[in-house]
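>>> Predicted model and sequence below, questions to follow.
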Amino acid sequence: MLKAIRDLENQKGFPLEGRAKIVMTTALAETQIVQRAFDIGCDAYAEKPINPEKFIEVLRNLGMVD
(Lines give C-alpha, C1' and ligand atoms only; values in the text may rest on other atoms or scores of the structure.)
Protein backbone atom coordinates (compact mmCIF):
# COMPACT_ATOMS: atom_id res chain seq x y z
CA MET A 1 0.00 0.00 0.00
CA LEU A 2 2.83 2.39 0.87
CA LYS A 3 4.43 1.85 -2.54
CA ALA A 4 1.09 2.39 -4.30
CA ILE A 5 0.55 5.69 -2.48
CA ARG A 6 4.05 6.95 -3.24
CA ASP A 7 3.81 5.82 -6.89
CA LEU A 8 0.51 7.68 -7.29
CA GLU A 9 1.95 10.82 -5.70
CA ASN A 10 4.91 10.63 -8.09
CA GLN A 11 2.64 10.10 -11.12
CA LYS A 12 0.53 13.11 -10.14
CA GLY A 13 3.62 15.26 -9.56
CA PHE A 14 3.09 15.94 -5.87
CA PRO A 15 5.91 18.02 -4.37
CA LEU A 16 7.71 16.38 -1.43
CA GLU A 17 6.09 18.78 1.04
CA GLY A 18 2.64 17.91 -0.35
CA ARG A 19 2.91 14.16 0.10
CA ALA A 20 0.90 12.21 2.66
CA LYS A 21 2.68 11.63 5.96
CA ILE A 22 2.81 7.87 6.45
CA VAL A 23 3.58 6.17 9.74
CA MET A 24 3.96 2.43 9.34
CA THR A 25 2.68 0.31 12.22
CA THR A 26 3.33 -3.40 12.45
CA ALA A 27 4.18 -6.14 14.88
CA LEU A 28 7.16 -7.01 12.69
CA ALA A 29 10.26 -5.11 13.74
CA GLU A 30 12.79 -6.90 11.55
CA THR A 31 15.48 -4.49 10.42
CA GLN A 32 15.09 -5.48 6.78
CA ILE A 33 11.32 -4.77 6.80
CA VAL A 34 11.78 -1.42 8.54
CA GLN A 35 14.54 -0.38 6.13
CA ARG A 36 12.41 -1.35 3.12
CA ALA A 37 9.53 0.78 4.42
CA PHE A 38 11.84 3.80 4.72
CA ASP A 39 13.33 3.09 1.28
CA ILE A 40 9.84 3.16 -0.23
CA GLY A 41 8.99 6.38 1.56
CA CYS A 42 7.42 5.98 4.98
CA ASP A 43 7.97 8.96 7.26
CA ALA A 44 8.09 7.04 10.54
CA TYR A 45 7.76 3.51 11.86
CA ALA A 46 6.02 2.36 15.04
CA GLU A 47 6.31 -1.15 16.36
CA LYS A 48 3.28 -2.77 17.99
CA PRO A 49 2.23 -2.74 20.71
CA ILE A 50 2.07 1.02 20.27
CA ASN A 51 3.39 3.12 23.13
CA PRO A 52 0.94 6.08 23.11
CA GLU A 53 3.48 8.61 24.43
CA LYS A 54 6.10 7.64 21.86
CA PHE A 55 3.51 7.59 19.08
CA ILE A 56 2.32 11.10 19.95
CA GLU A 57 5.95 12.27 19.90
CA VAL A 58 6.38 10.78 16.42
CA LEU A 59 3.26 12.62 15.26
CA ARG A 60 4.57 15.86 16.80
CA ASN A 61 7.91 15.44 15.02
CA LEU A 62 6.02 15.09 11.73
CA GLY A 63 3.98 18.20 12.47
CA MET A 64 0.73 16.24 12.58
CA VAL A 65 -0.29 17.25 16.12
CA ASP A 66 0.56 20.11 18.46
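Everything's here; your move.
>>> quick one: average pLDDT of stretch 52-64?
In this model, stretch 52-64 has a mean pLDDT of 93.
>>> swap in stretch 4-18?
On average, stretch 4-18 scores 95.
>>> Buried residues, that stretch. List them.
Neighbour-count burial for stretch 4-18, with 16 or more other Cβ atoms under 10 Å as criterion, is recorded at 6, 9. C-betas here are computed from N, CA, C, even on glycine.
>>> what about it, distance to the chain center?
Distance of stretch 4-18 from its chain centroid, counting by Cα atoms, centre = their mean, to the nearest Å, is 14 Å.
>>> Likewise for stretch 16-26?
4 Å.
>>> Tell me the buried residues in that stretch?
Across stretch 16-26, burial judged by 16+ other Cβ under 10 Å covers 22-24.
>>> At which residues are the strands of the protein located?
Using DSSP state E, the strands of the chain run over residues 23-26, 44-47.
>>> Need the ones you listed in JSON lines (columns: mean pLDDT).
Output for the strands of the chain, formatted as JSON lines (pLDDT from 0 to 100):
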{"stretch": "strand 23-26", "mean pLDDT": "89"}
{"stretch": "strand 44-47", "mean pLDDT": "89"}
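>>> For Ala37, find the nearest of those strands.
strand 23-26 (4.8 Å; Cβ to Cβ).
>>> show me where this protein has helices.
With DSSP state H as the criterion, the chain has helices at 2-11, 31-40, 52-61.
>>> counting contacts, what elements does the last one pack onto?
It stands for helix 52-61. Packing contacts for helix 52-61, counted by 3 or more Cβ pairs under 8 Å, 6 or more residues apart in numbering; DSSP states H and E, involve strand 23-26, strand 44-47.
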